[in-house]
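Peer 1: Mind folding the following:
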Amino acid sequence: MGSSAAILSLLQTLNLISESDSFLSHSDKLSILVEMNSVYEKMAELPSSKKVDAAAYERQVIDAVLIFLDLIHSHLSDPDHHDDIGFTLSLSQQLQIVQEEITSFFIATDEEEEQICSSSSSYSNFASSDYNTWNQQQNLLVGLDDQIRALQQLILDPNSHDLVKSVVGMTGIGKTSLVKQVYNDPLVIKEFEARLFLHIGPDYTRLEDIMLRVLDELGVVIPSDKLDDKDCLQKQLSEALSTQKYLVVLDDVWDGDADLILSDFPENRKGSQIIIISHIQRLYELILPHKHIILPFLNDDDSWKLLHQTAFSNREEKCSRELEKIGKKIAKNCEGLPAAIIQVGENLRGKSFEEWKTLSEKEDPLVITRYDDTPLSNALFFSYMMLPRYLKPFFLYMGVFPKDYGISRSKLIKLWVSEGFLDTHPGIEETFGYALDLLILQSVVLRGKHTSVDMYNFKNCRLHFTFRSLCVSEAKSEKFFHILKKYTDCTPENIRRQQRLCVHNNVVLALTQVHEWMEYVPNARSLLCFGPKQQYPVLLPFCFRLLKVLDALAIRFYEFPHQLLALVHLTYLSITCDRDLPNSISTLCNLEVLIFTRHHNIKLSNNGPVYLPVDIWNMHKLRQLYCKGFDLPPPPDDSHLENLITVSGVSVHSCNTKVLSRIPNLKRIGVQIESAHDSTETFNFFDHVASLYEEFESFKCAVVNPNLISQIVRSVPNFPMNIRKISMSGCGLPWENMEVIASLPNLRVLKLRWYAFCGPLWKTTTGQFPRLEFLLLEDLDIENLEFDIRSLRWVIVRHCYKLENISYQFMHTKLLEIDDCSPSFMKEMCEWRSFVGAEVKMRSSITDL
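Peer 2: Coordinates of the predicted model:
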């Protein structure tokens, strides 16, 4: 967590103190914030070689701050709290301890800076090592043949005019090993007259520093008064390398713009090359992959091969079939990271069958903490320590999710906002999305499925088990969050002073003893229940008076738990309940996100819509509302939800002018039509409100259990002209009605599913869909597609079993995906794919393609 997250917690706590509470003066509040910020700034200023050692002193400060905050939380969570002398004295004493620890921190870090030490500590040394020694790397490099050939082609291509190439990927994935393999290849040695392989590290971020390293390696002495003279250094480099074709490898580069900086490196037009090895990716590497190699994780077969070679280094050792089966499971659990596989293999060397079996049954084959004295743990912790300080709380928070959990980008951002990681304001979701993108580019978070709006952003993401293990251990020790998976995780010594409790096995909440132990942590700010969904109700503890975030979607309630209404600090509530929301829901006046679903989606009555309580209109901080099967009631006079930007799960009964005109900043709406209960809909409401919204992003309409014989939706809505995304399902509209959508000038994404439109032919004309970039066609009865949409970048055709022909050359399209369409169409596309301008991905459950 570090001082950045401690300051965040401190700010959130101080904001809870009302003006009527006199136990902490304004000067004391300001003083501790200033002093903590000084710790924050000191950690940022330290050289990378000292950050890890200084972290131990920083933690002592944080521990003292957490006790200080715990005292305040305990006081505030008492409904009858008042400024008693005992509390004030304890708080004053703890504040003094905090100040003493801050003083000790500065003394210790100043002494560290004064020490004469080598230019790189053990941490900066191992930070560049993907795994183990060079001799072992040479022998154990597997599964990267394609990448080796690709790098050779990049640097040996006589037609290449790009000086700088890069090899990027997660810590431990084998970047250094791969480049060394190519660097020492006889063809490369023969091709380049001069070769340099230099370790850079995080302390070298300027071009001048890098040039000095190269010149020093070449034996060129630079006068002390010229060390910062860029022109002089470039001249010296040019003189040293101008007559030679050179290959310079810069390993462990931490500057995200290094290849742009190095474009000023002397180019002698002889085909010289610079290779950057880094874990930091750049956005344009996704756009221009021909200049960069992003290393993939090993597949299951190569993972087992590497594990086998490591664990059975003695060729005389035999591996039985039973052991091989277990070993393959262990290798798979390493999730394709070579450094993890090698460390696990070394741990298993000479072990018994039972020890192999025991390891295979564990959730993770390795536990990663800052205290492990292993190359992998050290390198991972160093990567974490070197994250930009403001990103660390965002990164640590991702550990709250279970292993292999597909972390939804939108859900993660909602939680970050609700946790108060930054002040909320319009557009804050984009800010948090940028933080996630930075974590992905830092290679500490793994990207998942692309978003339809942007091919270079992602709908979901995940953590590799190694980084997740580090997150969990760091978060627990920093009291940032604690995971409850088994009975022993819930003991008082484990949960005391934890800020967030993350339940990964909801069954533990059924134990009476666990509920009693929860009384030891009344000041928890978040309760996140991500365990498997429960068929039967489980009681939740409601002793957390300061709770801000409650995600209980995986827990079933027969009735709404009225104890929730006492949790007035809630900003995020996600709950599954078989009954209606109570009228007193507006008691939760700070709520910003409300997700309310039924255990079973059953229409209870044929008599019309089921409305949310009218008091919902008094929840003025509400920003996101998801309420499948419910509708917004008619608003009382002069009632507005001015902060509400997303409404989803409602029926068309919520989509009338009277309701929508009271939500002035609405950006996204998702409508659900029950064909068995709702009358035929015409969407006339959009004719009246389209002009209300200057910034409207998304409209989604899904007809549940559509009757394909009769048309449920009579016409296409009159959409706001600046709408960017439309998703429709089950509407049964004729293709002629597409004219309205085709004329929208700013539409970027169009998703048509489940007979959204019906008929054998869809034909567009030139000029329609002027900015459409993404098109999804799924489960439609279409037979022929004739369209000319030059802005299209990504097309997905899925389960269109009648489709025979697409009359479109895809010359401007980057990606075409075809999944399980008619066999004849799949065969035709398979033969045609080499003539298509786009990258074509084809999948079929019937034939091999």
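Peer 1: Now do the strands in the stretch 501-650 of the chain.
Peer 2: Counting by DSSP state E, counting those that start in this stretch, the stretch 501-650 of the chain has these strands, from start to end: 526-529, 549-557, 572-577, 593-597, 624-626, 646-650.
Peer 1: V98 against D63, yeah?
Peer 2: No. At 9.6 Å, V98 does not count as touching D63 under the criterion of C-beta atoms under 8 Å. Where you see a C-beta, it was placed from the backbone N, CA and C, and this is true even at glycine.
Peer 1: neighbour-wise, which of these two wins?
Peer 2: Between V98 and D63, counted using other C-beta atoms under 10 Å, V98 has the larger neighbour count: 23 against 18.
Peer 1: possible to save the strands of the stretch 501-650 of the chain as JSON lines with mean pLDDT and distance to F312?
Peer 2: JSON lines is the format used below for those (pLDDT from 0 to 100; distance: least, C-beta to C-beta, whole Å):
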{"stretch": "strand 526-529", "mean pLDDT": "95", "distance to F312": "42"}
{"stretch": "strand 549-557", "mean pLDDT": "92", "distance to F312": "42"}
{"stretch": "strand 572-577", "mean pLDDT": "93", "distance to F312": "48"}
{"stretch": "strand 593-597", "mean pLDDT": "94", "distance to F312": "51"}
{"stretch": "strand 624-626", "mean pLDDT": "95", "distance to F312": "53"}
{"stretch": "strand 646-650", "mean pLDDT": "92", "distance to F312": "54"}
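Peer 1: and these, which is most packed in?
Peer 2: strand 526-529 (a mean of 24; mean count of other C-beta atoms under 10 Å).
Peer 1: Give me the below-cutoff pLDDT ranges for the stretch 1-150 of the chain.
Peer 2: 1-8, 12, 16, 18-22, 44, 47-52, 77-83, 112-140 (pLDDT under 70).
Peer 1: quick one, strands of it?
Peer 2: Going by DSSP E, counting those that start in this stretch, the stretch 1-150 of the chain shows no strands.
Peer 1: Tell me which stretches of it form helices.
Peer 2: According to DSSP state H, counting those that start in this stretch, the stretch 1-150 of the chain carries its helices in the segments 2-16, 26-45, 48-77, 85-114, 122-127, 134-140, 145-156.
Peer 1: repeat for the stretch 351-500 of the chain
Peer 2: Counting by DSSP H, counting those that start in this stretch, the helices of the stretch 351-500 of the chain are 353-360, 375-385, 392-397, 409-419, 428-441, 465-477, 492-495.
Peer 1: So what touches the last one?
Peer 2: Read that as helix 492-495. 476, 482, 484, 488-489, 501, 517-518, 520-521 (C-beta atoms under 8 Å, 6 or more residues apart in numbering).
Peer 1: Next, give me the two most distant ones among those.
Peer 2: Farthest pair in these (C-beta to C-beta) is K476 and M518. Separation: 16.7 Å.
Peer 1: more crowded one of these two?
Peer 2: Set side by side, K476 and M518 show more neighbours around M518, with 22 against 18, by other C-beta under 10 Å.
Peer 1: Show the contacting residues for that one.
Peer 2: 490, 495, 501, 541, 543-544.
Peer 1: Redo those as CSV? Include distance to R662, neighbour count and pLDDT.
Peer 2: Shown next, in CSV, are those (distance: C-beta to C-beta, whole Å; neighbours: other C-beta atoms under 10 Å; pLDDT from 0 to 100):
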residue, distance to R662, neighbour count, pLDDT
C490, 45, 24, 94
I495, 43, 20, 92
L501, 37, 24, 95
P541, 37, 19, 89
C543, 37, 17, 89
F544, 33, 23, 90
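Peer 1: from those, which is closest to L785?
Peer 2: L501 (51.8 Å).
Peer 1: So that closest one sits against G531, correct?
Peer 2: No. L501 lies out of contact with G531 (C-beta under 8 Å); the separation is 12.0 Å.
Peer 1: Can you name the residues in contact with stretch 236-252?
Peer 2: Residues contacting stretch 236-252 (C-beta under 8 Å, 6+ apart): 127-128, 155, 176, 179, 183, 188, 191-202, 210-211, 214-215, 218, 220, 222, 258, 262, 265-266, 268, 270-278.
Peer 1: Could I get the buried residue list for that stretch?
Peer 2: 236-237, 240-241, 245-252 (16 or more other C-beta atoms under 10 Å).
Peer 1: In helices, which of the residues you listed appear?
Peer 2: 236-237, 240-241 (DSSP state H).
Peer 1: May I ask which two of the residues you listed are separated the most?
Peer 2: Q236 and L241 (9.6 Å).
Peer 1: if I've got this straight, I796 is in a strand?
Peer 2: Yes. Per DSSP: H, G, I helix; E, B strand; the rest coil, I796 lies within a strand segment.
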